[in-house]
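[1] Sequence first, then the predicted structure:
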Amino acid sequence: QVQLVESGGGLVQAGGSLRLSCAASGRYVMGWFRQAPGKEREFVAAINWSGGSTYYKDSVQGRFTISRDNGKNTVYLQMNSLKPEDTAVYYCAADGRQINYGSSWYKYGMDYWGKGTLVTVSA
């Protein structure tokens, strides 16, 4: 069983930045998802084991950066130019499958989930 613990959420003004962290051990694809009030959970970003490949939701591309430090067993989500519509509970996720060329399974869910951290962006 993989334990995922998110940190770094909080309240920020529009245009500001936050960095989320997720502690996790093991050789996993890691991802971030979010769920806004009244909406379904959605994919935000994912990264493969080596960190050499990253994947993003279109609306966060260029503003968010996912990265990982395998020596520290931590994955990060740097969020810049935040908008009120980014307000959501952000979940860290992990999965033992690989991301092969052309596959997109990572957008639809992963095996292991954290409890989430709230990000609130004020206008």
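    That came through, no problem. Numbers count the residues shown, from 1 in each chain.
[2] Show the contacting residues for the most centrally placed residue in the chain.
    Note on the chain: the residue nearest the mean C-alpha position is W32, at 2.0 Å, using C-alpha atoms, centre = their mean. By C-beta atoms under 8 Å, 6 or more residues apart in numbering, W32 lies in contact with L20, C22, V44, A45, A46, I66, V75, L77, Y90, Y91, C92, A93. C-beta here means a position set from N, CA and C on the backbone, and glycine is covered the same way.
[3] Would you reformat the residues you listed as CSV and include neighbour count?
    Below are those laid out as CSV (neighbours: other C-beta atoms under 10 Å):
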residue, neighbour count
L20, 23
C22, 25
V44, 25
A45, 24
A46, 25
I66, 21
V75, 29
L77, 27
Y90, 23
Y91, 22
C92, 27
A93, 26
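[4] Name the nearest of those relative to W105.
    A46 (9.8 Å; C-beta to C-beta).
[5] quick revisit: how close does the residue nearest to the centre of the chain get to N100?
    According to C-beta to C-beta, to the nearest Å, W32 and N100 sit 21 Å apart.
[6] Note down every partner strand of whichever strand or helix holds the residue nearest to the centre of the chain and its orientation.
    Secondary structure from DSSP states H and E places W32 in strand 29-35. Here strand 29-35 is paired, per DSSP bridges, with strand 42-47 (antiparallel), strand 88-95 (antiparallel).
[7] same for the helix or strand that the shortest one is followed by, what does it pack against?
    Same thing as strand 42-47. Next helix or strand after strand 42-47 toward the C-terminus (DSSP H and E): strand 54-56. In terms of contacts (3 or more C-beta pairs under 8 Å, 6 or more residues apart in numbering; DSSP states H and E), strand 54-56 is packed against strand 42-47, strand 64-69.
[8] What's the mean pLDDT across the first one?
    Confidence for strand 42-47, expressed as mean pLDDT, is 98.
[9] which residues touch V60?
    V44, A45, M79, D86.
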